[in-house]
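**Student:** The sequence and its predicted three-dimensional model are supplied below.
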Amino acid sequence: MKKLLLVLIALFGILPLFAKGYADYLAEAKKYEAQKRWCFALGSYYDALQTDEAPENKKEAAEGYAKLRDAILSGKPGFSSYDEFTVNDEWKKLVIDAEKYFSSVCCVDISQLYIVKDSVQLDFKTKTKTMTYGVKIGYKEGRRYATIKNVIVQGLKTMVDYYKKQYANFEVFAGWDKWPKRSVSYKNNNVYNVDGALVYEKYKDYYNAFYDRESYGLYDFLVNVVDESGKELVKGKRWLLGMEASAEKSSYQIVFSGVSPAIADLIDSGKARANIVACYLAYGKYNPADDKGGRTFVNNLPEVQIPLDKLAVPVVVSFNKEKISDAMVSINENGFAFQIHKTEVTQSLYSSVIVGANPSHFMGLEKPVDSVSWYDAIYFCNKLSQKCGYKPVYSVNGETDVAKWGYTPQEGKSIKGEVEQNLKADGFRLPTNDEWTFAAKGGQGFRYSGSDNIDEVGWYKENSDGETHPVAQKKPNGYGLYDMSGNVEEWGWDACDNNYRYGCGGSCYNYAEACEVSNRYSSIAGRSNYDLGFRVARSLAEGER
């Protein structure tokens, strides 16, 4: 039986990272700073900056974070005075404190969490009238973890390089060059909860518990299925991150069997969702005798429970057809008759259509969804059409119902079969190259969409800090369309060669020239890099012209 040594918080339901408010995180950061707990302070400043507070109201957190970050990057373990006799010990304290911090937050971002019919373990039983469903969980190294870890690693290297050049016999604490994979806090006495920093021993090597198995941690998620009000429909099951029964089942790490027809109807209609109830972090000593395959090796390990406000999970966003309709701009001139969305598809809109899914690397509800392939984009378009009651545009082997395509978004696979579009259908679709170009010009003819000065209208390499930004922050073009130069490159319908499709507009990674209205780049349709997103269009029916 698992031993729960420490329960930090017990909550239920999905909570976004910003469950606390900006003021709460700011006060927390200042408290930790006064205690000289530099990693905890840096983390709380970071959390404050991720809240939904208006950017202009977050200046104090931004300044606090930048000041502390820059001090650490310069080789100082905080704001105090240090010399060659104290700096090494203070840095060791900072690294151990970082292990404690990363033992109390989740070091992964859950990029998608949604329910699918389990095509691998389909369990349609006529006697009991039940179905089997799977919960798709996507995860990746958390941005909070990656950002703070990199600050500390780079600062530590700066300190070591400087003092080694100054003092030939400068002694650095053991294991610093292998951190964060190998624990610095571990003491050779079989104690795995070392001053609050969790340690995991395997094959006589001592890892931080959050970094074991060359994955992102020994995290164990308890997941259930709930309705729109949050009421539990299917009781939760636990899933150990990184453990997959087989390659074929890798999309469905949690399987719920015995689902009744009534609940199956709610799931199929998008009125039920997967829900993280709790997150646990295991630690201790690996015992081969406990390893019977799958997740069994953790069964006798102790664990701590991670507060849900320290998880980054997809936020459940309600679907709003009217809001989508209001954001469509009609273009009916020069032989064109179509509507196009004012902004790139946001993570908020994407998650409301593909319930619980957000594949984006640059997380933020009002940022454009990124890391989507061309196949993901056309799947989304048909799904959005179905939700809005429009006739879907795309068909695969003549079938417009995405449930019959045999395709799951964000798996890096191709849609098998002939993909065709019906421009007479009134549903959502990707714009053609000609439509996109005409819309991007905005009736103005500028070099970029809305201006000859890209800084006025777009996020690109020189002003983006290497990441996407919330949509509609820059000046629109003459048609009222935003971000058609920069932010994310936008998939279009047109094929250029074999399995390649065109992307338009350039991205936050590109130099200005790539963001010009006239430029096109071809990409493999299955590619889903950080700089790829899309916006939706619709054909205007005769009565709408």
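**Tutor:** Happy to help now that I have it.

**Student:** so Ala274, which of the three states?
**Tutor:** Secondary structure for Ala274, judged by DSSP: H, G, I helix; E, B strand; the rest coil, is strand.

**Student:** Tell me which residues touch it, please.
**Tutor:** Shown in contact with Ala274 (Cβ atoms under 8 Å, 6 or more residues apart in numbering): 113-115, 135, 137, 223-225, 254, 356. In short, each C-beta sits where N, CA and C put it, glycine included.

**Student:** now do Phe428
**Tutor:** Neighbouring residues of Phe428 by Cβ under 8 Å, 6+ apart: 381-382, 384-385, 388, 390, 393, 536-538.

**Student:** how about it, phi and psi?
**Tutor:** Main-chain dihedrals, Phe428, degrees, to the nearest 10: phi -80, psi 150.

**Student:** what's the answer for Ser111, then?
**Tutor:** Dihedral angles for Ser111 - degrees, to the nearest 10 - are phi -90, psi -20.

**Student:** Tell me which helix or strand the closest residue to it other than its chain neighbours sits in.
**Tutor:** Take Ser111 and drop its neighbours on the chain: the residue closest to it by Cβ to Cβ, 6 or more residues apart in numbering is Gly138, 4.1 Å away. Assessed by DSSP states H and E, Gly138 sits inside strand 131-141.

**Student:** next one: that strand to chain centre, how far?
**Tutor:** Centroid displacement of strand 131-141 relative to its chain, using Cα atoms, centre = their mean, to the nearest Å, is 14 Å.

**Student:** so for that strand, what's the average pLDDT?
**Tutor:** Mean pLDDT, strand 131-141: 82.

**Student:** any idea which helix or strand comes after that strand?
**Tutor:** Once strand 131-141 ends, the next helix or strand along the chain (criterion: DSSP H and E) is helix 143-166.

**Student:** Dump the contacts of Ala274 into a markdown table; add secondary structure, distance to Glu435 and neighbour count as well.
**Tutor:** Formatted as a markdown table, the contacts of Ala274 follow (DSSP: H, G, I helix; E, B strand; the rest coil; distance: Cβ to Cβ, whole Å; neighbours: other Cβ atoms under 10 Å):
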| residue | secondary structure | distance to Glu435 | neighbour count |
| --- | --- | --- | --- |
| Leu113 | strand | 34 | 26 |
| Tyr114 | strand | 31 | 23 |
| Ile115 | strand | 35 | 25 |
| Val135 | strand | 38 | 28 |
| Ile137 | strand | 37 | 21 |
| Val223 | strand | 41 | 23 |
| Asn224 | strand | 44 | 21 |
| Val225 | strand | 40 | 23 |
| Ile254 | strand | 41 | 22 |
| Gly356 | coil | 31 | 25 |
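
**Student:** Point out the least confident one among the residues you listed.
**Tutor:** Ranked by pLDDT, those bottom out at Gly356, which has 73.

**Student:** That one contacts Val116, doesn't it?
**Tutor:** No: contact criterion Cβ atoms under 8 Å: Gly356 and Val116 do not qualify, at 10.4 Å.

**Student:** how close does the spatially closest residue to Val345 that is not a sequence neighbour sit to Gln410?
**Tutor:** Take Val345 and drop its neighbours on the chain: the residue closest to it by Cβ to Cβ, 6+ apart is Val369, 5.3 Å away. Distance of Val369 to Gln410, computed by Cβ to Cβ, to the nearest Å: 11 Å.

**Student:** Please apply the same query to Thr158.
**Tutor:** Distance, Thr158 to Gln410, by Cβ to Cβ: 38 Å.

**Student:** more crowded one of the two?
**Tutor:** Between Thr158 and Gln410, counted using other Cβ atoms under 10 Å, the more crowded position is Gln410 (22 against 15).

**Student:** Quick check, pLDDT for the more buried one.
**Tutor:** pLDDT for Gln410: 81.

**Student:** Once you drop chain neighbours, what's closest to it?
**Tutor:** Taking Cβ to Cβ, 6+ apart, and ignoring the residues beside it in sequence, Gln410 has Pro359 as its nearest neighbour in space, at 4.5 Å.

**Student:** what's the pLDDT at that neighbour?
**Tutor:** Looking at Pro359, its pLDDT reads 85.

**Student:** Am I right that it is in contact with Ser528?
**Tutor:** Yes: Pro359 lies in contact with Ser528 (Cβ under 8 Å); the separation is 7.0 Å.

**Student:** can I get the CA coordinates of stretch 81-92 in PDB?
**Tutor:** The C-alpha coordinates for stretch 81-92 follow below in PDB (Å, rounded to 0.1, in the frame of the first residue of the first chain):
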ATOM      1  CA  SER A  81      27.200  39.900  -0.900                       C
ATOM      2  CA  TYR A  82      29.400  37.000  -1.700                       C
ATOM      3  CA  ASP A  83      33.100  36.300  -2.000                       C
ATOM      4  CA  GLU A  84      35.300  33.400  -3.000                       C
ATOM      5  CA  PHE A  85      34.900  31.900   0.400                       C
ATOM      6  CA  THR A  86      31.100  32.000   0.600                       C
ATOM      7  CA  VAL A  87      29.800  31.900  -3.000                       C
ATOM      8  CA  ASN A  88      30.300  28.100  -3.400                       C
ATOM      9  CA  ASP A  89      28.300  27.200  -0.300                       C
ATOM     10  CA  GLU A  90      25.500  29.700  -1.100                       C
ATOM     11  CA  TRP A  91      25.200  28.300  -4.600                       C
ATOM     12  CA  LYS A  92      24.900  24.800  -3.200                       C
END
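
**Student:** Can you point out the buried residues in that stretch?
**Tutor:** When neighbours are counted by 16 or more other Cβ atoms under 10 Å, the buried residues of stretch 81-92 are found to be 82, 87-88, 90-92.

**Student:** Which of those residues sits closest to Leu365?
**Tutor:** Nearest to Leu365 among the buried residues of stretch 81-92: Trp91, at 37.1 Å, using Cβ to Cβ.

**Student:** Return the residues in contact with that closest one.
**Tutor:** 77, 156, 159, 173, 176.

**Student:** would TSV of the residues you listed with distance to Pro307, pLDDT and neighbour count be doable?
**Tutor:** Shown next, in TSV, are the contacts of Trp91 (distance: Cβ to Cβ, whole Å; pLDDT from 0 to 100; neighbours: other Cβ atoms under 10 Å):
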residue	distance to Pro307	pLDDT	neighbour count
Pro77	26	94	26
Leu156	27	96	24
Met159	32	95	24
Phe173	30	91	16
Trp176	29	92	18
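
**Student:** List just the nearest of those to Glu60.
**Tutor:** Distances from Glu60 to the contacts of Trp91, taken by Cβ to Cβ, are shortest for Pro77, at 22.9 Å.

**Student:** On the three-state scheme, the spatially closest residue to Ser395 that is not a sequence neighbour is what?
**Tutor:** Using Cβ to Cβ, 6+ apart and skipping the chain neighbours, the partner closest in space to Ser395 is Glu420 (5.2 Å). Three-state call for Glu420 (three-state DSSP): strand.

**Student:** Same question for Asp220.
**Tutor:** Here Asp220 is recorded as strand under three-state DSSP.

**Student:** how about it, what does it touch?
**Tutor:** Residues near Asp220 by Cβ under 8 Å, 6+ apart: 238-241, 279-282, 295, 298, 303.

**Student:** Give me the buried entries from those residues.
**Tutor:** By neighbour count, with 16+ other Cβ under 10 Å, the contacts of Asp220 hold 239-241, 279-282, 295, 298, 303 as buried.
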